[in-house]
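Student: what's the 3D shape of this:
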Amino acid sequence: MARIFISYVSADRVFALQLATSIKQLGHVVWMDVTEIGVGDSLVRGISAGLRQADYLVVVLSPHAVQSAWVSHEWEVKSTEEIVQRRTMVLPVLIADCTLPTLFQHKRFADFRQGYEVGFAQLAITLHHHSQVHQASPRTAGPANTQRTPACSPHDTTALAWYTRGMVNLPSKFSEINVELGIPYIGKISGIWKPDADEQFAAWELYVELVTRVPVAELQDQEGSLREALTSLYTIFTMTRDILHKYGPAIARPKEGGAVSFGFLAISILNHAIRPILAYWHPVLLAYEHAHAPGISILEHERQWERAGELRHALQQTRSVLVNYAELLAQVAGVPPMHL
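Tutor: Model prediction:
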């Protein structure tokens, strides 16, 4: 259980109250000014006490919030403590497009723009992970613990409350899954996958990333940015590698009676679905972008590109692979597909 301070502006109060209710359902203690500061109480003393006692500050980012002096003061105070303690304490959640403060430009945020369930799932995983690490850190001297320390990733299948209700339903006995996944250049991957708990959680984390990225959402003609789509593909590439490093070699080993593993599928997708389109189209698009004429917006310049249609077709082919991949990951994670 963690103590969570929610920083927000009054224009976002309805969202903040909904978020507070969801966080409380995970077993955490939530501090909000509307519930903790009574009539006649000092705002300064109340907020200072709330910040001082909080393990984490969840800051709700919106166009109104980034202009608020109060919100800025709250995350600045906690950011200083974050530096001193050398651990993550400020957790940004983005509910609307806005210009992010410098501090948050290097931080990953929970993205609620794609839907409340998606954003909250990202936040819940992070809260669970950081809370486990924080609680595992020794606070007072005591006898040495000879038992194996639990992994720092959310692997405990006995504590599923930190997921959104109805989102995850891990079976008591892991099932077999027949895999048939078409991948460019190598044809079709097929076989039996017997996922264990680590593979299920890895599948869930990667699934959340996939369904919130531009390439998985169909890009219509003259819609969106080709550069943003390629950048999102690169993000999927790096996030997949991070997940593979995080969970270790166990998720790459096929289980007895199975021929497929999370690691095998992930590396196949990286090397044969994502890497080729990035390797070819990134330098081609970059060369065209360097010829950008003054007085024309970057997006308009991109739409005038004679090869834009080719790149959109390549992105659509990659999207088809990623959609099938995401549906497979959802099946392994035990969640219904959220949207594709």
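
Student: And stretch 226-242, what's buried?
Tutor: By neighbour count on 16 or more other Cβ atoms under 10 Å, the buried set for stretch 226-242 is Leu226, Arg227, Ala229, Leu230, Thr231, Ser232, Leu233, Thr235, Ile236, Phe237, Met239, Thr240. All C-beta spots, glycine's among them, are computed from the backbone N, C-alpha and C.

Student: what does that stretch contact?
Tutor: 206, 209-210, 213-215, 219, 266, 269-270, 274-275, 277-278, 281-282, 285, 289, 298, 302, 305, 308, 311-312, 315, 318, 322 (Cβ atoms under 8 Å, 6 or more residues apart in numbering).

Student: List buried residues within those residues.
Tutor: By neighbour count, with 16+ other Cβ under 10 Å, these hold 206, 209-210, 213-215, 219, 266, 269-270, 274, 277-278, 281, 285, 302, 305, 308, 311-312, 315, 318, 322 as buried.

Student: Quick one: the helices in the stretch 101-250 of the chain, in order.
Tutor: 116-136, 197-211, 226-247 (DSSP state H, counting those that start in this stretch).

Student: where does the stretch 151-300 of the chain have low pLDDT?
Tutor: 151-175, 184-186, 213-223 (pLDDT under 70).

Student: Now stretch 97-115: average pLDDT?
Tutor: Confidence over stretch 97-115, taken as the mean pLDDT, stands at 83.

Student: Please identify the buried residues of it?
Tutor: Buried-residue list, stretch 97-115, by 16+ other Cβ under 10 Å: Pro101, Phe104, Phe109, Ala110, Asp111, Phe112, Gln114.

Student: first to last residue in stretch 107-118, what's the distance?
Tutor: For stretch 107-118, the first-to-last residue distance is 18 Å (Cα to Cα, to the nearest Å).

Student: let me redo that: stretch 30-39
Tutor: Start-to-end, stretch 30-39 (Cα to Cα) is 19 Å.

Student: so which strand or helix has Phe15?
Tutor: helix 13-25 (DSSP states H and E).

Student: Give me the contacts around that helix.
Tutor: Contacts of helix 13-25 (Cβ under 8 Å, 6+ apart): 4, 6, 8, 30, 32, 34-35, 58, 60, 93, 95, 112, 116, 120, 127, 161, 164-165.

Student: can you rerun that using 6 Å?
Tutor: Ile4, Ile6, Tyr8, Val30, Met32, Val60, Ile95, Phe120 (Cβ atoms under 6 Å, 6 or more residues apart in numbering).

Student: Pull up the gap between the last one and Val58, please.
Tutor: Read that as Phe120. Here Phe120 is placed at a distance of 11 Å from Val58 (Cβ to Cβ, to the nearest Å).

Student: now the fifth one
Tutor: Taken as Cβ to Cβ, the spacing of Met32 relative to Val58 amounts to 10 Å.

Student: joint contacts of those two?
Tutor: Ile6.

Student: more neighbours, these two?
Tutor: Between Met32 and Val58, counted using other Cβ atoms under 10 Å, Val58 has the larger neighbour count: 25 against 18.

Student: Against which helices or strands is whatever helix or strand the more buried one lives in packed?
Tutor: For Val58, the host element (DSSP H and E) is strand 56-61. Under the contact criterion of 3 or more Cβ pairs under 6 Å, 6 or more residues apart in numbering; DSSP states H and E, strand 56-61 touches strand 3-7, strand 90-94.

Student: pull the CA atoms of it into PDB?
Tutor: What follows is strand 56-61 as a C-alpha-only set of coordinates in PDB (Å, rounded to 0.1, in the frame of the first residue of the first chain):
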ATOM      1  CA  TYR A  56       4.100   9.300  -4.800                       C
ATOM      2  CA  LEU A  57       2.700  12.300  -6.500                       C
ATOM      3  CA  VAL A  58       0.400  11.600  -9.400                       C
ATOM      4  CA  VAL A  59       0.200  14.800 -11.400                       C
ATOM      5  CA  VAL A  60      -2.700  15.200 -13.800                       C
ATOM      6  CA  LEU A  61      -1.400  17.000 -16.900                       C
END
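
Student: Can you name the residues in contact with that strand?
Tutor: 2, 4-8, 12, 16, 75, 78, 89-94.

Student: for stretch 244-259, same thing?
Tutor: With Cβ under 6 Å, 6+ apart, stretch 244-259 has contacts from Ser153, Gly191, Ile192, Trp193, Lys194, Asp198, Glu199, Ala202, Ser261, Phe262, Gly263.

Student: ok so, going back, same list (the helices of the stretch 101-250 of the chain) but as CSV, adding distance to Ala65.
Tutor: Listed next are those as CSV, based on distance: least, Cβ to Cβ, whole Å:
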stretch, distance to Ala65
helix 116-136, 15
helix 197-211, 23
helix 226-247, 23
